[in-house]
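Visitor: Task: produce atomic coordinates for the following.
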Amino acid sequence: MRALPLALLALAVSTPVFAAAIAYSPPEETAKLNPGPGFETAQADCMVCHSVDYISTQPRSFADPRAYWTAEVVKMRKAYGAPIPEADTQALVDYLVSVYGK
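Guide: Numbering: from 1, shown residues only. This next block holds a predicted model:
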């Protein structure tokens, strides 16, 4: 009785699964980064992983914009593995606070 389920499991595990590659083209940007000191750093580091919309739609009601944006940049680097050089962290935070912090 146990042989049939084990045989089915062995068959399922040993059967190759074929999937077609999916081609994906992201939609065109609907927003642009606002100009400010550090714009080039933000363009180079942030846009590798996500659109400008992700930045521009963040809440503006936080009490301490510097703490908020520092936590966001650190989260992107550590939790999500964003390829942001540690040396760029301060410039990114300065840019985000000055342009999107109010």
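Visitor: And what about V93, helix, strand or coil?
Guide: In three-state terms, and counting by DSSP: H, G, I helix; E, B strand; the rest coil, V93 is helix.
Visitor: what about R66, neighbour count?
Guide: Residues near R66, counting by other Cβ atoms under 10 Å, number 13. Placement of C-beta: from N, CA and C, glycine included.
Visitor: what's the closest non-adjacent residue to it?
Guide: In this structure, R66 finds its nearest non-sequential neighbour in V97, 5.2 Å apart by Cβ to Cβ, 6 or more residues apart in numbering.
Visitor: repeat for W69
Guide: In space, and not counting its chain neighbours, W69 is closest to L96: 4.1 Å by Cβ to Cβ, 6+ apart.
Visitor: Which strand or helix spans the one you found?
Guide: Element membership for L96, per DSSP states H and E: helix 89-100.
Visitor: Just the buried positions in that helix, please.
Guide: Along helix 89-100, these residues count as buried under the neighbour rule (16 or more other Cβ atoms under 10 Å): T89, A91, L92, V93, D94, Y95, L96, V97, V99, Y100.
Visitor: for stretch 35-42, same thing?
Guide: For stretch 35-42, a neighbour-count test (16+ other Cβ under 10 Å) marks G38, T41, A42 as buried.
Visitor: and the closest residue to the first one other than its chain neighbours, what does it touch?
Guide: In this structure, G38 finds its nearest non-sequential neighbour in Y95, 3.0 Å apart by Cβ to Cβ, 6+ apart. When contacts are counted by Cβ atoms under 8 Å, 6 or more residues apart in numbering, Y95 touches G36, P37, G38, F39, T41, A42.
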